[in-house]
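1. Please find the sequence and the predicted model below.
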Amino acid sequence: MLGLFLSVGAFAQIDVKGHVKDAQGEPIIGATVRVVGTQTATVTDFDGNFVLKANQGADISVSYVGYQTQTVKAAPTLEITLQEDATMLENVVVIGYGVARKTDLTGSVVAMKPDEKNHGLITSAQEMIQGKIAGVNVNTASGAPGEGAQIRIRGGASLSASNDPLIVIDGLPMDGNGTKGVSNPLGLVNPNDIESFTVLKDASATAIYGSRGSNGVIIITTKRGRKNQAPTVTYNANVSVSTVGKKLDVMNATTYREIIAAKYGETSDAYTGLGNADTDWQKEIYRNAVSTDHNVTISGGVGNSKWSMPYRASIGYTDQQGTLRGSYYNRFTAGFTLNPSLLDDHLNININAKYAYSHNTPGNTSAIGSAIAMDPTRSIFDSDSRYNNFGGYFEWVNWNTDYKDPSFTYVKNSDAPANPVEQINQYDFKRYNNTLLGNFEADYKIHGFEDLRLHLNLAGEYTQGKEITNHSPYSLSGFYYGSEGWNEEMKYNTTLQAYMQYYKDFNDKHHFDIMGGYEHQHMKYWGNSSYWGYYPSTSQKTDDEGNSLAGTVYRSSDPSNWKGQTYLVSFYGRANYNFADRYLLTFTFRADGSSRFADGKRWGYFPSAAFAWRVNEESFLKNVNAISDLKLRLGWGQTGQQNTGYEYYTPVYRKSTNSHYYYPIAGLNGVMYKPLVYNEDLTWETTTTYNVGIDLGLFKNRLTLNVDAYYRKTKDLLNTSTISTGVNLDNKVLRNEGELENTGIEVAIGGKPIQTNDWLVDMSFNIGYNKNKITKLYSGRDFVEAGMQVGTNEPITYHKVGLAANAFYVYQQVYDTNGKPIQGCYVDRNGDGKINDDDRYFYKNIAAPWNGGFALKVAYKNWDLGTNFRFSLGNYVYNGIESGKANSAVLSNPKGYYENSTTDFVALGWTSYNYSLSDYFVQNASFLKCDNITLGYNFENLFKTRNYKGLSGRIYGSCTNVFTITKYKGLDPEQTSGKETSVYPRSRTFLLGLSLSF
Amino acid sequence: MKRMIIKNIVPAAALLLTVGMTSCVKDLDKGNIDPNVEANVNLDALYTKCYAGMIMEGNDGAADFSIDDAGKSTLLRNIYNFNELPTDESICWWSDGGIVDIGYNQCEPGTATLRFLYYRIMSNITYCNKYIKEAEGSDATKLAEVRFLRAYLYYLLMDFFADPPFIDENTLGTNVDPVQAHAMNGETITDRAEMAKTGRKNLYNWIMAELEECEPNMLAAKPETDTDSDYGRVDKAAVWFLKSRLLLNSNIYLGLDDNAAEYMTNLSQVVTLSDQIAAAGFDLCKKTVGKYQPYDLLFMGDNGSNGASVEAIFPLMQDGKTTQGWGGSLFFIACHWNAKLRTVTDQGAGTTGNTWAGMRCRPSFVNKFDVTAKGTEGLTAAEIRDASNDDRALFCGIEIESQPDGSVKTKKRSSSLGNNSDFDGGVASVKWNNNYSTGASPHDTYNVDIDFFLFRFGETLLNKAEALLRLGKDQDALDVVNTLRARANADGLANLTLSSMLDERAREMYLEGQRRIDLIRFHQFGGQQVSYKWEYKGGVKDGINFDEYRNVFPIPTSEIEANSNLTQIYGY
């Protein structure tokens, strides 16, 4: 055939010999080379070379999947470099149970390819989307190495049920439960292996995930090799140094002595009892932490025109030190992917396996609270013999002979702060975790009936996590008996998905496709724990029979065993209709059955419909060059929530399992059955979402604008709240509490104002506004407790009709003329002359109505500079550190020890813990954070020789958590719970990194 | 190929899938596999639960109900907080949870600690209701015992709140908000003061009726020691005891005049019931073990076996190894002690849990002993006991700290409450300690073995004496009181008045959770006309009177919010 054409116009033709490579100099195998306007074509060979005949000066186009097509004039020798198509990902988007062209999307879907250049320290996948997507809010809970994050999409739709989005990794919906050693499912994926994130925000997109779609869905796909690509090895590494961002400004020894002298007088017991040292306890427990990260990847593809098998394998090793002494996080990851394509591209198979091993020594985080409470006039060590039993560390001790052991006559005063250095150094607690995640996916286009595809995905996860404790009898953590033992958890999560998809183009104008499928998921959890110690050999204790207990086992609790499981069975379908590429309609439906609910309550049905109009395809816009994309979207859908926190829902009795808590009455063994609270009327929570969106692309998409507005109404809200006692078996029960609505708007703007050969300026900005409102409580009550408690278990947040969820219900503080809050002095808001519950009022809430971020990237030749900012406006945090230290009467505690504080807290002059419900502690925590600044230099063709394409890569430096601008008086305004307590501080990290490809 | 696929393979696959899916849908029934829960009731274990709720936190040490601090959730600890702290016997300085407010007679519906009291009692009643519902037709004795426990819990509700919601086995599972006691028989009352009166009366009558019905099925009355199989179970004597306590307080509960004929009838029943208890073999512990006097033995680690239990009409069991808890007997050591106090035999507390250092006795109460509050300062417990001529004066006026070199550092304790801002001021009580009278080791270094005698024969004698006195039989009453005093090696009184009767109750029963109702019965608690004032009464250093409505406590805000049928207690 080819020969025929060649012979026809042979006289004007020349032989074109060429080489096709990518930006890194890799030969591209299998690229299509075509003489434009003819049927002459060939593909590049294994070395990226091709030969064909063409007219002198004819246009030759070279195309390859994932690269921008290039057109060159025919010449005897050609060297063609294909640029990666950055918009490729945006063109094809992974959605629930399938992929879609971006132009065909009808729902609010954001696809994001991690920016491999503009980022700071990334050890976990969640950090890659932080601040990047409008309406998606990612906050890490603390600065502990290996810590998980809270992810909220559009503010969350539930109250006490989970507000976490569903995370789907290569088709496997994760169960959302952490296991010992892994705080969230994203922790086990090496960020370097991630190809893309797709965030499904509105119900028309998430309804296909039915009962798990209410809080949005994040779909993660991992990288694959490319067809017929020569093997490429890449190496990424970085080294970083982290420091503690901000410490609490507690008093040093000198100031402390002055304050004690001023409060109690220099002759007082309080003053004379002070020590002589000057110890900065916070300095003693924190350090500059050094971490390294290495990743090696090999990817490529083998095959020919009939079959192909791309492959990719990677290993990664992360060694992270925490800024808290004694805290480490090590992770080893390995992954491989095979994507054979067989039977003439009819059978496409995807085999994926990932393994992660993590070893985490979290360090004794109790030391963080101790370090801000411990008396600065004490030394770390004290040679006095009463501290011998504490390894020589100074502690507040009491004489005590109750151990009946002449070598242990002092015990720690259990109320007093502990020596933080002792807590760090004599703490032996480790966590291990092994996770295996894999899937086998087959997609078969039926021979001879190619419109019908069968798709099967078998995916599974197995996790084993273990905590190991080994505390010495001379440590506070294991005092006297020592403490050895473990707590082990295992889980597996398997899923089978099978669906059929049928495409039909009736003619040029009508396109139709329909998909229907079935999914079965089984999650099983089990675990055991056992802890023990020993009576020291010096113990003189005897049992009831008079036998010596020295050296025998002492157990403070019994070994325990537990098990649980959940099944989810689902049927789902989707139909798309596309008229003339202008009008797009999508319908989805899902039926979910969950073993979490009792029979009769367990099936939920979740429909959705969406419409999109591609305005730019209309004749009146088609020729307007400035507008490259304009789409209007309308969507409606219903989703559910089944993650109640319970694995089953049938009435049961909890049995005593710990033999230290028996009540042996009437000759019985003392085992108790506790009938558990049960709500037989419990049903699904359902969220209905309406979404309107507009996508605009101008000037060949150099300027893009996406706006979404939504209204979400959740009914049958799952919430655990107080009920009248006596009608059920607890004073709180999980029930369908009421209704709430979220109204919001999201705007994302992206632009490349400058794009020349040497310069690139890339900017993006996103902002989301969400207004949350409780609209109804079924009980007829005006408000219910929302969960946060302060002081001595005093509820402070409530869900009140007409207000946002989690509103603070507080007393209005009265201030003196100097602006100082007066202890216990509240405004008598109802003017009845008494200060009581009736004077409390609703003031602010924990969620930020405004969230967003912006990124800037400037590249000049080989250099690039990038930065990411993130902001949160209008969120309030309860300053628990300040309320916990407001009582300065305990500086010299009557229980026989000292407690440190800050001069500011002492200046309040408060002498009680009793006023924690004051609105003084509810503080504006709006913030602007500069998450990172990165400077990089890219190079290629290094050491290039005739036979070697050379080395390419990148070297970069970055700073993470650069600065925070806030009015908040506490340490860190970013608090996922809305309350700040002494948690592991977030660190500032300086990083130097290198990527190499050879 | 094409035809074969469509004709054969697709239907076959569809069939296979259908079969597979049907069986998979059945998986949804396989919910619960947790070995630690059970779908079916075990009546004995539920019966055990009802008893355990009298002193323990709950299964495996967790609170029985949704509350944040299991240790504060126990019944005993809350009885103490609300019956001792508002009185002359005890005061606490801890600034959290409104404990100080309770001690200053300023408890409000939002006071955090109130929720622990209220929900504990309601939770225990709910478990009893559950047992009564499940156990219909089973072991009649156990059923009667659980009904008795419920009646006792209702007695507490009636005493603390006057008009709480009324819940029984029929309320459980209805999802209908319960009505208050004032409406339990269908009454409609709008006047709040009237509600409280009617509610109390309704409950009083209901409790009495329950006790009548329980009694025939209860175990025979007899004292036991902790090795007897029925030790810890309530028997007929417990019924008689609770009845007599209700009758003695019926002037308050039923709003009777102190001279009313009905009250006189009730008082003579108190005498009869007390005699019935004595006739069943209950008696004062009169044993001495080594250096320990009979009164000491009642509050020690081995009180279940050292002979003291002859006095235990309803002992709540504790064992440092098998029946642990923060808020049972341990609380009575932990809250009253710091690590530098010593018992009358110069011992420590017998537990490392002795450092909470919260509660001290107010001077007005200690002055009822010969030693006087001021007189305790600087004295050891043994010296105070000598100076009082009364074994019951178990106080420590000196703090002793052993030094590593073997020397001791001592510090005189002040009896003045000062600003009530620390443990240093006020008289420390060492009434409870976990030592064994035999010198043997307690079972655990932290958790205690002390059983708590919730109903104690000593009170029976006091009730009898008071009833006799109120009936005008002064000499008989005096004899009973002097019997009690003799056991404590205290000289007999020459005569007995209502005032000295009240003081005698304090000396015998202090810190055991009885004081508030005693003061109310003698009209010495709430009310602007009351003559007796103690330090920090009403929250003022020298004491002032507070309104009578504060004789009972409010229902916690959270319950008022949750139950639309409730009206807050009169006055609050």
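-> Noted; the coordinates are in hand.
2. Is it correct that B:Glu311 is in contact with B:Phe453?
-> Yes: using CB atoms under 8 Å, B:Glu311 is in contact with B:Phe453, at 6.5 Å. All C-beta spots, glycine's among them, are computed from the backbone N, C-alpha and C.
3. Identify the contacts common to those two.
-> B:Leu298 (CB atoms under 8 Å, 6 or more residues apart in numbering or on different chains).
4. Please identify which of those two sits among more neighbours.
-> B:Glu311 (26 against 23; other CB atoms under 10 Å in any protein chain shown).
5. Per-residue pLDDT of that one, please?
-> pLDDT, B:Glu311: 97.
6. show me the contacts for it.
-> Neighbours of B:Glu311 in contact, by CB under 8 Å, 6+ apart: B:Pro223, B:Phe282, B:Asp283, B:Leu284, B:Cys285, B:Leu298, B:Phe453, B:Arg456, B:Phe457, B:Gly458.
7. Excluding chain neighbours, what is closest to it?
-> B:Phe457 (4.1 Å; CB to CB, 6 or more residues apart in numbering or on different chains).
8. Let me know how buried that neighbour is, in neighbour terms.
-> Neighbours of B:Phe457 (other CB under 10 Å): 25.
9. Relative to A:Ile285, how far out is it?
-> 57 Å (CB to CB, to the nearest Å).
10. repeat for A:Gln39
-> 74 Å.
11. So these two - more neighbours on which side?
-> Comparing A:Gln39 with A:Ile285 by neighbour count (other CB under 10 Å), the higher total belongs to A:Ile285, at 26 against 10.
12. In this structure that one contacts A:Asn425, no?
-> No: using CB under 8 Å as the test, A:Ile285 is too far from A:Asn425 to be in contact (9.7 Å).
13. Overlap in contacts, those two.
-> With CB under 8 Å, 6+ apart as the test, A:Ile285 and A:Asn425 both reach A:Arg325.
14. pretty sure B:Asn59 contacts A:Pro675?
-> No: using CB under 8 Å, B:Asn59 is not in contact with A:Pro675; the gap is 10.8 Å.
15. which element is A:Ile424 on?
-> helix A:420-425 (DSSP states H and E).
16. Quick one: mean pLDDT for that helix?
-> 94.
17. same thing with stretch A:926-939?
-> 90.
18. likewise stretch B:448-460?
-> Here the average pLDDT along stretch B:448-460 is 97.
19. Quick check: end-to-end length of it?
-> 27 Å (CA to CA, to the nearest Å).
20. do the same with stretch B:359-376
-> End residues of stretch B:359-376 are separated by 16 Å (CA to CA).
21. buried residues in it?
-> Judged by neighbour count (16 or more other CB atoms under 10 Å in any protein chain shown), stretch B:359-376 contains these buried residues: B:359-369, B:371-373, B:375-376.
22. Contacts only, for residue 303.
-> Since you didn't name a chain, this refers to chain A. Contacts of A:Gly303 by CB under 8 Å, 6+ apart are A:Lys227, A:Asn228, A:Met309, A:Ser341.
23. You answered for a different chain; I wanted chain B.
-> B:Asn303 neighbours (CB under 8 Å, 6+ apart): B:Leu297, B:Ser309, B:Ala312, B:Ile450, B:Asp451, B:Phe453.
24. Return the closest of these with respect to chain A.
-> Of all the contacts of B:Asn303, chain A sits closest to B:Asp451, with 11.9 Å by CB to the nearest CB.
25. Can you pull the phi and psi angles for that closest one?
-> Backbone torsions for B:Asp451, taken as degrees, to the nearest 10, come to phi -80, psi 150.
26. Assign the closest residue to A:Gly171 other than its chain neighbours to helix, strand or coil.
-> Nearest residue to A:Gly171, sequence neighbours excluded (CB to CB, 6+ apart): A:Asn457, at 4.6 Å. At A:Asn457 the chain is in strand, as set by DSSP: H, G, I helix; E, B strand; the rest coil.
27. how deep is A:Asn457 tucked in, by neighbour count?
-> 21.
28. Run through the bridge partners of it.
-> A:Glu441, A:Gln497 (DSSP bridges).
29. just A:Lys412 next, same as before
-> According to DSSP bridges, beta-bridge pairing links A:Lys412 with A:Val397.
30. If I look at residue 338, what pLDDT would I see?
-> Unless you meant another one, I'm taking chain A. For A:Leu338, pLDDT reads 92.
31. You answered for a different chain; I wanted chain B.
-> 90.
32. Which SSE is immediately downstream of the longest strand anywhere in chain A?
-> Secondary structure assigned by DSSP state E gives strand A:510-534 as the longest strand of chain A. Sequence order places strand A:553-554 as the next helix or strand after strand A:510-534, per DSSP H and E.
33. wait, does whichever strand or helix holds A:Glu258 make contact with chain B?
-> In this assignment (DSSP H and E), A:Glu258 forms part of helix A:253-264. No: Helix A:253-264 lies apart from chain B when judged by CB under 8 Å from any CB of the partner chain; the minimum separation is 11.9 Å.
34. Please work out which residues outside that helix touch it.
-> Helix A:253-264 has contacts (CB under 8 Å, 6+ apart) with A:251, A:268, A:270-271, A:274, A:277-279, A:375-377, A:888, A:891-892, A:898, A:900, A:903, A:906.
35. again, only using 6 Å
-> A:Ala270, A:Tyr271, A:Leu274, A:Asp278, A:Pro376, A:Thr377, A:Val906 (CB atoms under 6 Å, 6 or more residues apart in numbering or on different chains).
36. I'd like the distance from the residue nearest to B:Glu311 to B:Glu512, if you could.
-> Taken as CB to CB, the span from B:Phe457 to B:Glu512 is 13 Å.
37. Can you name the residue of the stretch 51-200 of chain B nearest to chain A?
-> For the stretch 51-200 of chain B, CB to the nearest CB, closest residue to chain A: B:Ile167, 2.9 Å.
38. list the contacts for that residue?
-> Residues in contact with B:Ile167 (CB under 6 Å, 6+ apart) are A:Gly726, B:Pro178.
39. Check the gap between it and A:Trp526 for me.
-> For B:Ile167, the distance to A:Trp526 - CB to CB - is 38 Å.
40. host element of A:Leu992?
-> Here A:Leu992 is assigned to strand A:987-997, by DSSP H and E.
41. Show me what that strand is in contact with.
-> Under CB under 6 Å, 6+ apart, the answer for strand A:987-997 is A:24, A:121, A:143, A:234-245, A:323, A:952-961.
42. Give me the number of neighbouring residues for the residue of the stretch 1-150 of chain A found nearest chain B.
-> Relative to chain B, the nearest point of the stretch 1-150 of chain A is A:Tyr97 (16.0 Å; CB to the nearest CB). A:Tyr97 is flanked by 23 other residues according to other CB under 10 Å.
43. any chance you could map the helices in the stretch 151-300 of chain B?
-> B:192-214, B:236-248, B:250-253, B:261-279, B:294-297 (DSSP state H, counting those that start in this stretch).
44. Could you check the fourth one and say which residues are buried?
-> Going back to what we said before, that points to helix B:261-279. Here helix B:261-279 shows B:Tyr263, B:Met264, B:Asn266, B:Leu267, B:Gln269, B:Val270, B:Val271, B:Leu273, B:Ser274, B:Gln276, B:Ile277 as buried, counting by 16+ other CB under 10 Å.
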